[in-house]
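Novice: what would the 3D arrangement of this be:
(one chain, ligands or ions: 2)
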Amino acid sequence: MTEPIYKTDALIAEDIDAYLVQHQNKSLLRFITCGSVDDGKSTLIGRLLYDSKMIFEDQLAALEADSKRVGTQGQEIDFALLVDGLAAEREQGITIDVAYRFFATEKRKFIVADTPGHEQYTRNMVTGASTADLAVILIDARKGVLTQTRRHSYLAHLIGIRNIVLAVNKMDLVDYDLAIFDAIVKDYREFADSIGIESFTAIPISGFKGDNITTTPSPNTPWYKGPALIAHLESVEIDNVSDQAKPFRMPVQWVNRPNLDFRGFSGLIASGSVKPGDAIRVLPSGKTSTISKVVTMPGKAGPASGTGGDGDLDEAVAGQSVTLTLADEVDCSRGDVIAVADNPPEASSQFEATIVWMDDAALHVGRSYWLKLGTQMVSATVHAPKYTVNVNTMEHLAAKTLELNAIGVAEIATDRAIVFEPYADNRTLGGFILIDKISNRTVGAGMLNFSLRRAQNVHWQPTDITRQEHARLKNQTPRVLWFTGLSGSGKSTIANEVEKSLNLMNRHTFLLDGDNVRHGLNKDLGFTEADRIENIRRVGEVARLMADAGLIVLTAFISPFRAERELVRAMLPEGEFIEIFVDTPLNVAEARDVKGLYKKARSGQLKNFTGIDSPYEPPEHPEIRVNTVEMTPEQAAEHIIRKIMPLK
Ligand SMILES: Nc1ncnc2c1ncn2[C@@H]1O[C@H](COP(=O)(O)OS(=O)(=O)O)[C@@H](OP(=O)(O)O)[C@H]1O
Ligand SMILES: Nc1ncnc2c1ncn2[C@@H]1O[C@H](COP(=O)(O)OP(=O)(O)O)[C@@H](O)[C@H]1O
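Specialist: Ligands and ions are numbered 1, 2, ... in the order given. Take a look at the predicted model:
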């Protein structure tokens with residue numbers, strides 16, 4: 001029964017090029033519709049698709065048959081059936097994911113992201129809204145402005161949508177009463193003012209009856225002098241147009257080098273315009289040059305087909321994909337940004353950001369995530385949130401982390417400077433996503449608000465005695481032998497044995513032990529997840545410094561999380577980090593109970609104890625694994641020494 005709808009999408013998806021060529025000269029408006037099923041959202045979208053004639057004949061026949069069978073509108077066509085395609089939605093009576101639909105009118109083409117209305121789906125709404133130029137906020141005329149209206153408006157505004165349409169729907173059910181419409185608009189204006197929405201367009205409609213949907217004004221609302229919905233969607237200014245007036249920025253997607261004579265930098269122009277002769281600056285290096293040519297992107301044949309472009313352009317503007325060639329040989333690679341020379345964006349490594357959390361597992365404060373901003377990808381850690389926002393009341397709440405669907409403001413630090421602009425000025429250079437390094441899932445989406453001053457005044461200081469010099473003097477290759485395992489597994493005992501053996505071999509070593517470091521450097525840290533993450537981050541930094549000094553470092557920390565162990569691995573040159581899994585089953589470690597801590601944990605006197613009520617994630621591919629049930633500490637140490645030899 002839903003097949004015809006998928007066919008429409010599939011056709012466009014399969015031959016999107018043909019579709020786009022056909023509509024090439026029309027501008028594209030991306031918009032979202034916000035509201036719940038009850039507000040008539042699906043009916044409205046169905047009506048837009050229907051009225052724009054993008055439904056094929058056979059599908060219409062199927063729709064008519066379906067409507068009569070399962071529709072809720074008697075003998076009339078139930079437009080909601082066009083949109084509520086997913087079986088799960090049908091069963092639950094709700095819309096649960098972002099569905100994108102394409103349609104076109106004489107004047108413009110459209111992509112509409114249909115996002116669900118329920119609070120737990122904030123992340124879907126944010127996903128759908130992230131590229132939208134406009135949001136249609138649906139209101140049921142009988143109910144007026146509701147909590148969810150405020151939530152959707154707040155999210156749409158937060159995500160940077162400047163065009164808001166307040167579609168007051170179901171006007172037929174309130175006798176097209178002007179007073180009701182006016183009261184709703186007044187109510188909404190008060191709310192909009194309070195959150196900084198500068199303007200919106202209110203339209204009285206009936207998705208079901210078709211009032212004020214297409215281009216002609218409805219005779220049922222003679223008091224309404226504004227445009228009908230489609231007429232408004234066809235004429236509203238698209239962000240690209242306003243972006244063109246901003247300074248030129250183009251994040252480099254790839255370096256296009258089809259042959260030795262051509263070296264171009266390809267990307268999508270994020271803002272402004274560019275033409276041959278323009279003075280530009282490559283960031284973050286700051287190197288300057290001049291634009292030689294602006295070439296349109298290669299066609300389907302790809303970069304291999306010579307310069308591949310359809311030809312040189314006199315000028316290109318925001319929203320266009322182009323390849324730029326420069327007058328000078330300038331270092332420039334993927335992730336760099338080419339900008340107008342005298343007004344470039346900043347580069348920074350510390351920011352305040354607004355983050356929408358999208359993962360079932362809450363944010364781990366201090367953990368290193370991938371941060372992807374346009375074509376730039378760096379490691380980043382998020383500090384404890386300053387506050388989270390209650391999306392129903394706009395209240396600020398105190399919070400230690402961000403749970404699924406939470407929106408919070410927090411400081412964020414990247415491991416190297418990224419080129420950016422505040423999201424409010426530039427969505428492309430200010431919007432980012434966070435990716436879990438282990439699962440590769442997108443866990444958050446965010447907006448950079450501003451960079452923190454302190455980041456700009458800290459610079460790397462080069463030193464003359466390099467780590468190679470330090471290592472050469474000690475006549476050894478630095479290593480970090482990272483022992484990990486449960487409390488009482490034998491990390492300290494075995495690490496101690498290994499250090500003794502290394503010293504007999506005249507190696508320069510240092511053993512960092514959990515208990516000892518926690519008395520000094522890390523005495524401010526406890527055993528919450530966030531504190532353990534910070535504990536390991538600091539120990540990792542110290543181990544790295546010691547390895548830079550040429551030492552063989554041994555560390556004995558539970559280090560329960562894979563992500564932080566991988567973080568430390570990534571801090572060191574390839575091959576210098578050796579993960580040693582002290583593999584002792586919980587019952588064995590517990591039976592040893594050297595410090596009586598397991599007993600305390602079992603009796604509830606000690607909370608968050610690893611293996612009892614705090615997780616331990618065993619290494620998946622440790623360089624070395626020792627089984628302390630089968631080996632004595634001495635045997636385990638010998639095994640390790642043998643594995644790491646010949647140790648120069
Ligand atoms: N709640 C809780 N959970 C785990 N361990 C606890 C806890 N409270 C105190 N201790 C003692 O602290 C030692 C572990 O510290 P670490 O720095 O290695 O821990 S972690 O890596 O930050 O998880 C650990 O030492 P080892 O037994 O040598 O591992 C314990 O003695
Ligand atoms: N094969 C073994 N390897 C390491 N320790 C062992 C072994 N068998 C028994 N033990 C005992 O287990 C305890 C391990 O404690 P410890 O080294 O402090 O562990 P951790 O540092 O992992 O908490 C010590 O008392 C040690 O003597």
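Novice: which SS class is the residue positioned nearest the centre of the chain?
Specialist: Residue closest to the average C-alpha location in the chain (CA atoms, centre = their mean): residue 433, at 1.6 Å. Here residue 433 is recorded as strand under DSSP: H, G, I helix; E, B strand; the rest coil.
Novice: quick one, what contacts it?
Specialist: 371-372, 442, 444-446 (CB atoms under 8 Å, 6 or more residues apart in numbering). C-beta: built from backbone N, CA, C; applies to glycine.
Novice: adding distance to ligand 1, pLDDT and neighbour count, write those out as CSV.
Specialist: Supplementary listing: these in CSV, determined by distance: CB to the nearest ligand atom, whole Å; pLDDT from 0 to 100; neighbours: other CB atoms under 10 Å:
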residue, distance to ligand 1, pLDDT, neighbour count
371, 24, 93, 26
372, 29, 89, 17
442, 27, 81, 17
444, 24, 87, 24
445, 30, 86, 21
446, 27, 89, 27
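Novice: nearest to residue 137, of the residues you listed?
Specialist: residue 445 (20.4 Å; CB to CB).
Novice: from residue 556, how far out is the closest one?
Specialist: Applying CB to CB, to the nearest Å, the value for residue 445 to residue 556 is 38 Å.
Novice: stretch 615-628 near ligand 2 at all?
Specialist: Yes. With CB under 6 Å from any ligand atom as the criterion, ligand 2 is reached by stretch 615-628 at residue 628.
Novice: mean confidence score for that stretch?
Specialist: The predicted model gives stretch 615-628 an average pLDDT of 96.
Novice: if you count neighbours, what's buried in that stretch?
Specialist: By 16 or more other CB atoms under 10 Å, the buried positions in stretch 615-628 come out as 616, 619, 622-626, 628.
Novice: check contacts around whatever residue of the chain ends up closest to ligand 2.
Specialist: Ligand 2 sits closest to residue 490 of the chain, with a gap of 2.5 Å, by CB to the nearest ligand atom. Residue 490 is in contact with 582, 584, 626, 628, 633, 636, counting by CB under 8 Å, 6+ apart.
Novice: I'd like the distance between the first one and ligand 1.
Specialist: Okay, so that is residue 582. Residue 582 sits 10 Å away from ligand 1, going by CB to the nearest ligand atom, to the nearest Å.
Novice: give me phi/psi at that residue?
Specialist: When read as degrees, to the nearest 10, the backbone of residue 582 gives phi -90, psi 90.
Novice: in the protein, which ranges drop under the pLDDT threshold?
Specialist: For the chain, the stretches flagged by pLDDT under 70 are 1-25, 36-37, 52-99, 115-121, 123-124, 127-128, 239-240, 297-310, 454-460, 646-648.
Novice: which parts of it sit against ligand 1?
Specialist: Residues of the chain lying close to ligand 1 by CB under 6 Å from any ligand atom are 487-488, 492, 514-515, 518, 527, 532, 535-536, 557-560, 595, 597, 606, 608-610, 614.
Novice: not counting its neighbours along the chain, what's nearest residue 211?
Specialist: Nearest residue to residue 211, sequence neighbours excluded (CB to CB, 6 or more residues apart in numbering): residue 218, at 3.7 Å.
Novice: work out for me the element the one you found sits within.
Specialist: For residue 218, there is no enclosing helix or strand under DSSP states H and E.
Novice: so what's the residue count around it?
Specialist: Using other CB atoms under 10 Å, residue 218 is surrounded by 20 other residues.
Novice: can you check residue 169 too?
Specialist: A count of nearby residues for residue 169, using other CB under 10 Å, gives 25.
Novice: dump the residue contacts of it.
Specialist: 35, 39-40, 44, 138-141, 205-207.
Novice: what's the most distant pair in those residues?
Specialist: 35 and 206 (14.1 Å).
Novice: picking up where we left off before, return the member of the buried residues of stretch 615-628 nearest to residue 332.
Specialist: Distance ranking of the buried residues of stretch 615-628 against residue 332, using CB to CB, places residue 623 first at 37.6 Å.
Novice: touching, residue 250 and residue 324? I think so.
Specialist: Yes. Between residue 250 and residue 324 there is a contact under CB atoms under 8 Å: 7.0 Å.
Novice: got any residues that touch both of these two?
Specialist: Both residue 250 and residue 324 are contacted by 265, 274, 338, under the criterion CB under 8 Å, 6+ apart.
Novice: need the contact list for the last one.
Specialist: In this case it means residue 338. Residue 338 makes contact with 248-250, 252, 265, 267, 280-283, 324, 332, according to CB under 8 Å, 6+ apart.
Novice: ok so, going back, of the shared contacts of residue 250 and residue 324, which belong to helices?
Specialist: If you go by DSSP state H, those have nothing in helices.
Novice: turn those residues into TSV, columns for distance to residue 165.
Specialist: Formatted as TSV, these follow (distance: CB to CB, whole Å):
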residue	distance to residue 165
265	38
274	33
338	35
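Novice: kindly list the longest helix within this structure.
Specialist: If you go by DSSP H, the chain has its longest helix at helix 529-548.
Novice: which other helices and strands contact the helix or strand just after that one?
Specialist: Per DSSP H and E, the first helix or strand lying C-terminal to helix 529-548 is strand 552-556. Using 3 or more CB pairs under 8 Å, 6 or more residues apart in numbering; DSSP states H and E as the contact test, the elements touching strand 552-556 are strand 479-484, helix 491-504, strand 509-513, helix 529-548.
Novice: please name the strands paired to strand 552-556 in the sheet, noting orientation.
Specialist: When pairing is defined by DSSP bridges, strand 552-556 lines up against strand 479-484 (parallel), strand 509-513 (parallel).
Novice: good, we can wrap up now.
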